[in-house]
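Peer 1: sharing a model that was predicted from the sequence below.
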Amino acid sequence: MTGAFPRTMDFSGFNAPSRVECDIFDLIVTEGAIPTDVHGRWYRMTPDPQYPPMRGEDTYLSGDGMISMFSFEDGHVDFKSRYVMTERLKNERKARRGLYGLYRNPYTDDASVSGALGRSVANTTPVFHAGRLLATKEDGRPIELDPRTLETLGEYDFGGRLRSATMTAHPRIDPETGEMFLYGTQAGGLASMDMAFAVIDREGRLVSEQWFEGPYAGMMHDFVVTKRHVIFPFFPVTTDLDRLKAGGPHWRWEAGLGTHIGVMPRGGSVADMRWFHGPDCSFFHFLNAYSEGDVAHIDFTMADEVPFPFIREASGIHGPPRMETAGLVRWSLDLSRNADTWEERRLGPPGDFPTIARTDHMKDYAVGYYQIYDPAIAPPIAVGPVGLGFNAIARVDVRTGELRVYAPGPHFTVQEHVHVPSAQPGHEGYLLFVVDDHQAMGCEAQIISAEHPERGPVARIALPLRLRDQIHGAWVPEGELPPFA
């Protein structure tokens, strides 16, 4: 018999597991109309645990990977959701109970899976490249899925060429060359300082993989690539093998270790890495980066401390994160100077889940989109892995600082959006996202104008089930999908 999930933030309210695999044909559009140039697949990755945690409590981020897909065609939309059938989930389904212990600590697992490979839950980002759909999480190699049926095809290692034991959930794809750039942290094994950097060509072939050591065995959730540079950011959340063997937490915030940014030439060697150094801070997602001569500009959302409650608890940090210098910022790293520091310019208020139009990646640009929490709209609502839901989506002009904001209302939060390009000349495209209704405990999908989010929904799409908050998503135009088998 499967028992109840814990009544904690990670497993209750809107964070309660859904565990629903389904197909829904022709969702109901309750307001407006779906633009006909919204034609493709919207993939979403969500942690959604099949079984209660073996140790009675765990973080939201340990949930089994659930991949969902909205299929848009001629103003209609269908929905499909499936679990990613990892080795971990298959083992637990066979046992009909949770078998895995603390987040990313195999030394706390049930004896029946001790030393077993395939511990990753593949629950973070759907990555589409060279006709393949990959479910990723940064603690393992990706799992390939059928992009039309969502069937799990198995672990993917780029034809046996990937040596790294891990792959980032945030690779970067050059829209002009079709190349995909990726990295792996702890590439040589659990808690190692090894970093692997790989380049995949537009046909999906791994053409190079270089290894180097980071400044510490730390978290790197995202990185950026420009036309001239590859940029690796480290901030002071670290792991330690002795701590893991003693049954301790994977991550801890270590104040005083500082922030370190490695910059190497794109197409060059990791031996040419140049390091920049600054004070402690926390960041997870980058909006964009571009090079202006020898200066690399990186735009991202920054905070003073790590926000995740399970890491803060493991680090002995109490109370809400400090936010004195938090915001959307640009760091400019000048490689022509001898100095190892950077210049900072503020671009907007604090937030996260930044994105841009695909054609703007890796070059100078004007507009980005990200999510913010506005306390004037409503008090904080506990949802998602951090326990604070964003309640508005902002369009930011990074040159002027102008903000245009859409907020659905006081008892709503917004899940991460994706940008959908438009076929209309001069059209900025659309933002597509799920809205959580915390009064009705239900969801709907919404489409808004990317250029004018303040005008509200272009279309609202009803959902007959509650969708647990996704981590990340991806939009794939229909013409890029492989033909039916």
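Peer 2: Great, that's in hand.

Peer 1: what about R205, distance to L403?
Peer 2: 42 Å (C-beta to C-beta, to the nearest Å). Yep, even glycine has a C-beta here, placed from its N, CA and C like the rest.

Peer 1: more neighbours: these two, which one.
Peer 2: L403 (17 against 12; other C-beta atoms under 10 Å).

Peer 1: need the contact list for the more buried one.
Peer 2: G348, P349, A394, R395, V396, D397 (C-beta atoms under 8 Å, 6 or more residues apart in numbering).

Peer 1: and what of I461?
Peer 2: Here I461 is in contact with L27, I28, V29, T30, I34, V77, E444, A445, Q446, I447 (criterion: C-beta under 8 Å, 6+ apart).

Peer 1: next step: these restricted to strands.
Peer 2: Among the contacts of I461, the members falling in strands (DSSP state E) are V29, T30, V77, E444, A445, Q446, I447.

Peer 1: out of these, which end up buried?
Peer 2: Neighbour counting by 16 or more other C-beta atoms under 10 Å classes V29, V77, E444, A445, Q446, I447 among the ones in strands among the contacts of I461 as buried.

Peer 1: need the ones in strands among the contacts of I461 in JSON lines with pLDDT and distance to P307, can you?
Peer 2: Shown next, in JSON lines, are the ones in strands among the contacts of I461 (pLDDT from 0 to 100; distance: C-beta to C-beta, whole Å):
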{"residue": "V29", "pLDDT": "98", "distance to P307": "35"}
{"residue": "T30", "pLDDT": "98", "distance to P307": "34"}
{"residue": "V77", "pLDDT": "98", "distance to P307": "33"}
{"residue": "E444", "pLDDT": "98", "distance to P307": "27"}
{"residue": "A445", "pLDDT": "98", "distance to P307": "26"}
{"residue": "Q446", "pLDDT": "98", "distance to P307": "25"}
{"residue": "I447", "pLDDT": "98", "distance to P307": "29"}
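
Peer 1: how about the strands in the stretch 101-250 of the chain?
Peer 2: Taking DSSP state E, counting those that start in this stretch as the test, the strands found in the stretch 101-250 of the chain are 125-129, 132-136, 143-145, 152-155, 172-173, 180-185, 194-200, 206-213, 224-225, 229-234, 237-238.

Peer 1: direction included, what does the longest one pair up with?
Peer 2: Pointing back at strand 206-213 there. Counting by DSSP bridges, the strands paired with strand 206-213 are strand 194-200 (antiparallel).

Peer 1: list the contacts of the strand it pairs with.
Peer 2: Contacts for strand 194-200 (C-beta under 8 Å, 6+ apart): 129-130, 158, 162-164, 166, 171, 179-188, 206-214, 220, 230, 232, 264, 270.

Peer 1: which residues touch L465?
Peer 2: S18, V20, C22, C443.

Peer 1: next, give me the two most distant ones among those residues.
Peer 2: C22 and C443 (13.6 Å; C-beta to C-beta).

Peer 1: looking at these two, which one has more neighbours?
Peer 2: Legend: neighbour count by other C-beta under 10 Å for C22 and C443, higher for C443 (21 against 12).

Peer 1: doesn't R466 make contact with the more buried one?
Peer 2: Yes: using C-beta atoms under 8 Å, C443 is in contact with R466, at 5.6 Å.

Peer 1: quick one on the thing from earlier: now, which of the contacts of I461 sits nearest G40?
Peer 2: V77 (10.7 Å).

Peer 1: how much space between the closest one and R468?
Peer 2: Distance from V77 to R468, by C-beta to C-beta: 20 Å.

Peer 1: over to G189?
Peer 2: Taking C-beta to C-beta, one finds G189 at 31 Å from R468.

Peer 1: just E254 next, same as before
Peer 2: For E254 relative to R468 (C-beta to C-beta), the value is 31 Å.

Peer 1: same question for G256.
Peer 2: For G256 relative to R468 (C-beta to C-beta), the value is 36 Å.

Peer 1: same check on P385?
Peer 2: For P385, the distance to R468 - C-beta to C-beta - is 10 Å.

Peer 1: need the residues touching each of those two.
Peer 2: Common neighbours of P385 and R468 (C-beta under 8 Å, 6+ apart) are P47.

Peer 1: neighbour count: those two, which is higher?
Peer 2: Using other C-beta under 10 Å as the criterion, P385 and R468 rank with R468 on top: 27 against 20.

Peer 1: that one - that's part of a strand, no?
Peer 2: No: residue state for R468 (DSSP: H, G, I helix; E, B strand; the rest coil) corresponds to coil; a strand is not indicated.

Peer 1: what is the end-to-end distance of stretch 97-110?
Peer 2: 11 Å (C-alpha to C-alpha, to the nearest Å).

Peer 1: can you check stretch 162-170 too?
Peer 2: Start-to-end, stretch 162-170 (C-alpha to C-alpha) is 16 Å.

Peer 1: pull out the buried positions in that stretch.
Peer 2: L162, S164, A165, T166, M167, T168, A169, H170.

Peer 1: list just the nearest of those to F283.
Peer 2: H170 (12.0 Å).

Peer 1: that closest one contacts V224, doesn't it?
Peer 2: No: H170 is not in contact with V224 according to C-beta under 8 Å; the separation is 9.1 Å.

Peer 1: who touches both of those two?
Peer 2: F286.

Peer 1: where do the helices of the chain begin and end?
Peer 2: 87-95, 241-245, 309-314 (DSSP state H).

Peer 1: what distance do you get for V434 to F284?
Peer 2: The gap separating V434 from F284 is 20 Å, by C-beta to C-beta.

Peer 1: tell me which of those two has more neighbours.
Peer 2: V434 (26 against 22).
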